[in-house]
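Q: Structural data only, the sequence is not supplied:
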């Protein structure tokens, strides 16, 4: 008679609930600052230093103040969109070509090149501000979009190339070979076959790049001093309130909500593609 394998003991209540409790703590830790920003934005200007968890009464006056007066916040949002959008598009175009080249071509010191690319992203941005400022003054780029786009592009490209290279490497070369047998040129095979199949990785890279460029502050602050060219983050840091003399705490919180909500919505809508892009490159 065959021996019956012993049944594993049931997990205790602590072991069952500990992972959920840990996730709850992390979620609360991450969302608490954003919640407090929303609550502060919905308070009346006269209640801006209140510590109540729920504002009472609710008020949208802070949001009205953000877009009123001479704050220039609306123009700042447009500038942020121009800079972040341009950085994202250029990063994808250059990054995809560079990553595909590194993934498919065999040449000496290829791993060294990849190491140098990822190493360049480790330099702190603050260490580059002074050299870039002097350079841009000499070539008269101060108060221009390119003074914000080019540095952001240099920060975004290394990570984009690294991510996309690992993603292209796990795609079989037989895909391009089959396309070229059917009459495609290498460029057509890349454009019509590889890019559509690499959409999750490309999409993830685009979202990460856009968020980084949208949130960039140091370069935009250092390279611009005209309100008409400054991004939303710089405008928020220079808020003086509606009259120029009142405390802008509530207006800054409202502006922070306006700047953050589009990113939150984008991540929530495309979270599955983002996760798929982050994990697909690691599957052999």
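A: In hand now; what should we look at? This one's a predicted model, so the numbers in the text were calculated from it and none came from an experiment.
Q: give me the number of residues near residue 93?
A: If you count neighbours by other CB atoms under 10 Å, residue 93 ends up with 10. C-beta coordinates here come from the backbone N, C-alpha and C atoms, glycine included.
Q: quick check: mean pLDDT across the helix or strand containing it?
A: Per DSSP states H and E: residue 93 is located in helix 73-104. For helix 73-104, mean pLDDT is 92.
Q: Next secondary structure after it?
A: helix 110-120.
Q: so where's the stretch 151-284 of the chain uncertain?
A: Applying pLDDT under 70 to the stretch 151-284 of the chain flags the ranges 241-246, 273-284.
Q: what does stretch 53-69 contact?
A: 39-45, 47-48, 71, 73-74, 241-243, 250-251, 253-255, 257-258 (CB atoms under 8 Å, 6 or more residues apart in numbering).
Q: And that stretch, what's buried?
A: 55, 59, 61, 62, 63, 65, 66, 69 (16 or more other CB atoms under 10 Å).
Q: For residue 150, state which of those residues is nearest.
A: residue 66 (29.5 Å; CB to CB).
Q: Quick check: phi and psi at that closest one.
A: The phi/psi pair for residue 66 (degrees, to the nearest 10) reads phi -60, psi -40.
Q: Mind checking what secondary structure residue 142 has?
A: At residue 142 the chain is in coil, as set by DSSP: H, G, I helix; E, B strand; the rest coil.
Q: Setting the sequence-adjacent residues aside, check what's closest to it.
A: residue 136 (5.5 Å; CB to CB, 6 or more residues apart in numbering).
Q: Spit out the contact partners of the one you found.
A: Counting by CB under 8 Å, 6+ apart, residue 136 makes contact with 142, 147, 223.
Q: show me what contacts the residue nearest in space to the middle of the chain?
A: In the chain, the residue lying closest to the centroid (CA atoms, centre = their mean) is residue 211, at 2.1 Å. Residues near residue 211 by CB under 8 Å, 6+ apart: 263, 267.
Q: picking up where we left off before, how far is the strand or helix carrying the residue nearest to residue 142 from where the chain is centred?
A: Taking DSSP H and E as the criterion, residue 136 maps to helix 126-138. Chain-centre distance of helix 126-138: 24 Å, with CA atoms, centre = their mean, to the nearest Å.
Q: avg pLDDT for that helix?
A: Rounded mean pLDDT across helix 126-138 is 90.
Q: could you say what helices and strands the very next helix or strand once past that helix packs with?
A: For helix 126-138, the following helix or strand on the C-terminal side (DSSP H and E) is helix 146-169. The helices and strands touching helix 146-169, judged by 3 or more CB pairs under 8 Å, 6 or more residues apart in numbering; DSSP states H and E, are helix 73-104, helix 110-120, helix 126-138, helix 199-215, helix 218-223.
Q: got the angle between helix 146-169 and helix 110-120?
A: Orientation of helix 146-169 against helix 110-120 (axes from the mean of the first three to the mean of the last three CA atoms, to 10 degrees) gives an angle of 140 degrees.
Q: Give me the buried positions along helix 146-169.
A: 147-168.
Q: now do stretch 168-181
A: For stretch 168-181, a neighbour-count test (16+ other CB under 10 Å) marks 168, 171, 176, 179 as buried.
Q: Figure out which of the helices and strands packed on helix 146-169 is closest to residue 190.
A: Residue 190 lies closest to helix 73-104 among these, at 6.2 Å (CB to CB).
Q: Was I right to think residue 144 contacts residue 229?
A: Yes. At 7.1 Å, residue 144 counts as touching residue 229 under the criterion of CB atoms under 8 Å.
Q: Which residue of these two possesses the greater neighbour count?
A: Higher neighbour count among residue 144 and residue 229: residue 229, with 21 against 16, using other CB under 10 Å.
Q: Spell out the secondary structure type for the more buried one.
A: coil.
Q: ok, it touching residue 143?
A: Yes. Residue 229 lies in contact with residue 143 (CB under 8 Å); the separation is 5.1 Å.
Q: Buried residues in the helix holding residue 136, which are they?
A: 128, 129, 132, 133, 136.
Q: do stretch 119-127 as well
A: Of the residues in stretch 119-127, residue 125 count as buried by neighbour count, 16+ other CB under 10 Å.
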